[in-house]
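> Generate a structure from the sequence data that follows.
(one chain, ligands or ions: 1)
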Amino acid sequence: MDRFKIEGGRRLEGTVQISGAKNAALPIMAAALLTSEKVHLDNVPRVRDIITMAKLLAHMKAHVVAQDLPPSAMTIQTEEISHTEAPYELVKTMRASVLTLGPLVARFGYARVSLPGGCAIGARPIDLHIQALEKMGAKINIDHGYVEARAERLLGAEIHFDKITVTGTENVLMAATLAEGETILTNSAREPEVTDLADLLIKMGAKIEGVGTSTIRIRGVPKLHGATHKVIPDRIEAGTFLIAGAITRGDILVTNCDPGHLGAIIDKLRECGVEIIPEGSGRLRVRVSGKLRGADVTTEEYPGFATDMQAQYLALATQAEGKSVITETIFENRFMHASEILRMGANIEVEGRKAIVHGPTPLSGATIIASDLRASASLVLAGLVASNTTYIDRVYHIDRGYERIESKLCALGARIERIG
Ligand code: EPZ
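A predicted model of the protein is given here:
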């Protein structure tokens, strides 16, 4: 199993290019199930979850053509389908497989998708996806760990999400494009990844209004057609590199990002004393000349501070002066990285959904274990500033969502290598 070896203490300098957004590309790939025509995608990140989604679509006999694997450009065509099933073996490695549920039932009238179960960051049920499809007339049956959905044609409905859910909004949005009549989604997720999906669906002929707001109206159409789409830049990868620049007191130019999606993280980093300077379109320079100051943060749905940036921010807080109270409101168990960084010498107390960090504390290299994707990123950030050598086990988590993170960091002057 691969691990990372990091020799910390190096200041990062140079330019890093951000890849396409994993969490936009995944629903966008699932949306290709909604049409028999070709969907051409560009700026797809070369990460493990994309390969898993491609495998899942290929298992259903969708035709996935990519120049290389993992790809950055890909064409998906689903003229016919042999299985309308997302099996447990694939769903257990990637919860986003559940995004095939809405498109399959909408176009083929039947879907059988393994229930994802809990994961390292919390229970993560999909009850809101299921309730919404039921409201649209799908007959749902949960049996042997699978959710089966059946509907001759889904019907438009008024759906209020009791809780804001990103993939729930995406699943139901996709389903509603082919439903009969109008669907109104309220309390929908406003994440840029939802907007990117809606933009593709509109190119495919879907009738959608209110994109980017919490009320989305969809007028169903009988058929969608092919389209060409470039996936938005990954705001979480961009945020992670902004923190890499800040934590190493470096000077990095982050390119190919969308600063408009990074408002909450930019504001928070500036509050901590980090300089973030826009340098032309899609480019942000990050550097630190004075002291890093701690600041409290509470995770929220977009446009608030993303839960997917919480772990990386915690690593930064260990190097900032004073107390930072980090409150996680989205997932119930998302502080696994804290106990690992504690072992490196940080001063962190976790009390329920709060982590209280007192800084700055010197970190020293240790052998630590990555528990999920963003936790892995925070351990890499901690390793970059630790003295001596840090070994991070189970880095397969980081490969799910970061494209060649070690090469990108090495190009900035970090000493990080992948060892078997
Ligand atoms: C998406 O997960 C992202 N995944 C996650 O990215 C991200 O952390 C999360 O949104 C929050 O921003 C993808 O886009 C593929 P939710 P999702 O449904 O959609 C509860 C990463 O590291 N809930 O918005 O699964 C749920 O338990 C990750 O890239 C229900 O109760 O998250 C959570 O507490 C991990 N019932 C909250 O809502 C439901 O039916 C928000 O979850 C659905 C969700």
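
> Buried residues, the helix or strand of the chain with the lowest mean pLDDT. List them.
For the chain, scoring each helix and strand by mean pLDDT, DSSP states H and E identifies strand 63-66 as the least confident one, at a mean of 85. The neighbour-count check on strand 63-66 (16 or more other C-beta atoms under 10 Å) flags Val64, Ala66 as buried. C-betas here are computed from N, CA, C, even on glycine.

> who does the helix or strand just after that strand pair up with?
Using DSSP states H and E, the helix or strand that follows strand 63-66 towards the C-terminus is strand 74-77. The strands beside strand 74-77 in its sheet (DSSP bridges) come out as strand 38-42 (antiparallel), strand 63-66 (antiparallel).

> State the mean pLDDT of the first one.
Confidence for strand 38-42, expressed as mean pLDDT, is 96.

> and that strand, C-alpha only, in CSV?
Provided in CSV are the C-alpha atoms of strand 38-42 (Å, rounded to 0.1, in the frame of the first residue of the first chain):
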residue,chain,number,x,y,z
LYS,A,38,-22.5,11.8,-27.0
VAL,A,39,-21.5,13.9,-24.1
HIS,A,40,-17.9,15.4,-24.5
LEU,A,41,-16.2,16.5,-21.4
ASP,A,42,-13.0,18.4,-20.8
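
> picking up where we left off before, closest one to the ligand among the strands paired with strand 74-77?
Nearest to the ligand among these is strand 38-42; the distance by C-beta to the nearest ligand atom comes to 16.0 Å.

> just how off-centre is the closest one within its chain?
20 Å (C-alpha atoms, centre = their mean, to the nearest Å).

> And that strand, what's buried?
For strand 38-42, a neighbour-count test (16+ other C-beta under 10 Å) marks Lys38, Val39, His40, Leu41 as buried.

> still on that earlier bit, adding distance to Ala25 as columns, could you present the strands paired with strand 74-77 in a markdown table?
A markdown table is the format used below for the strands paired with strand 74-77 (distance: least, C-beta to C-beta, whole Å):
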| stretch | distance to Ala25 |
| --- | --- |
| strand 38-42 | 7 |
| strand 63-66 | 12 |
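
> Can you lay out these as CSV showing distance to the ligand?
Below are the strands paired with strand 74-77 laid out as CSV (distance: least, C-beta to the nearest ligand atom, whole Å):
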stretch, distance to the ligand
strand 38-42, 16
strand 63-66, 18
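
> Quick one: closest of those strands to Val231.
Each of the strands paired with strand 74-77 has some distance to Val231 by C-beta to C-beta; the shortest is strand 38-42, at 6.4 Å.

> What parts of the stretch 101-250 of the chain come near the ligand?
By C-beta under 6 Å from any ligand atom, the residues of the stretch 101-250 of the chain that approach the ligand are 122, 124-129, 163, 165-168, 193.

> if you set the cut-off to 5 Å instead, what comes out?
Arg124, Pro125, Ile126, Asp127, Leu128, Lys163, Thr165, Val166, Thr167, Gly168 (C-beta under 5 Å from any ligand atom).

> are any of these buried, and which?
Buried among those (16+ other C-beta under 10 Å): Arg124, Ile126, Leu128, Thr165, Val166, Thr167, Gly168.

> shouldn't the second one be in contact with Leu115?
Yes: between Ile126 and Leu115 there is a contact at 7.0 Å, judged by C-beta atoms under 8 Å.

> Tell me, what's the model's pLDDT at the residue with the largest distance to the centre of the chain?
For the chain, the largest distance from the centre (C-alpha atoms, centre = their mean) belongs to Glu152, which lies 32.5 Å off. Glu152 is assigned a pLDDT of 95 by the prediction.

> Over to Pro70?
Reported pLDDT for Pro70: 56.

> Dig out what Ile159 forms beta bridges with.
Here Ile159, judged by DSSP bridges, has bridge partners Leu185.

> Was I right to think Val211 contacts Thr195?
Yes: the pair Val211 / Thr195 is scored as a contact, 5.4 Å apart, by C-beta under 8 Å.

> how long is stretch 328-338 end to end?
The first and last residues of stretch 328-338 sit 12 Å apart, counting by C-alpha to C-alpha, to the nearest Å.

> Centre of the chain to it, how far?
The answer for stretch 328-338 is 15 Å, by C-alpha atoms, centre = their mean.

> Ok, stretch 322-340 next?
So, by C-alpha atoms, centre = their mean, the centroid of stretch 322-340 is 18 Å from its chain's centroid.

> so Ile6, which of the three states?
When classified by DSSP: H, G, I helix; E, B strand; the rest coil, Ile6 comes out as strand.

> I'd like to know how many residues surround it.
26 (other C-beta atoms under 10 Å).

> Kindly report the same for Ile277.
Neighbours of Ile277 using other C-beta under 10 Å come to 10.

> Chain neighbours aside, what residue packs nearest to His160?
Distances taken as C-beta to C-beta, 6 or more residues apart in numbering place Thr186 nearest to His160, at 4.6 Å, with adjacent residues excluded.

> show me what contacts the one you found?
Counting by C-beta atoms under 8 Å, 6 or more residues apart in numbering, Thr186 makes contact with Glu158, Ile159, His160, Phe161, Ser214, Thr215.

> Isn't the first one up against Ile184?
I take that to be Glu158. Yes: between Glu158 and Ile184 there is a contact at 4.8 Å, judged by C-beta under 8 Å.

> Those two: which is more packed in?
Each of Glu158 and Ile184 has its neighbours counted (other C-beta under 10 Å); Ile184 has more, 17 against 10.

> Roughly how far does that one sit from the ligand?
19 Å (C-beta to the nearest ligand atom, to the nearest Å).

> Stretch 81-100 spans what distance, first to last residue?
13 Å.

> right, is it up against the ligand?
Yes: shown here: stretch 81-100 in contact with the ligand (C-beta under 5 Å from any ligand atom) through Ala96.

> the helices in this structure, which residues?
Listed in chain order, the helices of the chain (DSSP state H) span 22-31, 48-59, 88-91, 101-108, 127-135, 166-177, 192-203, 235-247, 263-271, 310-317, 336-343, 373-385, 396-399, 405-411.
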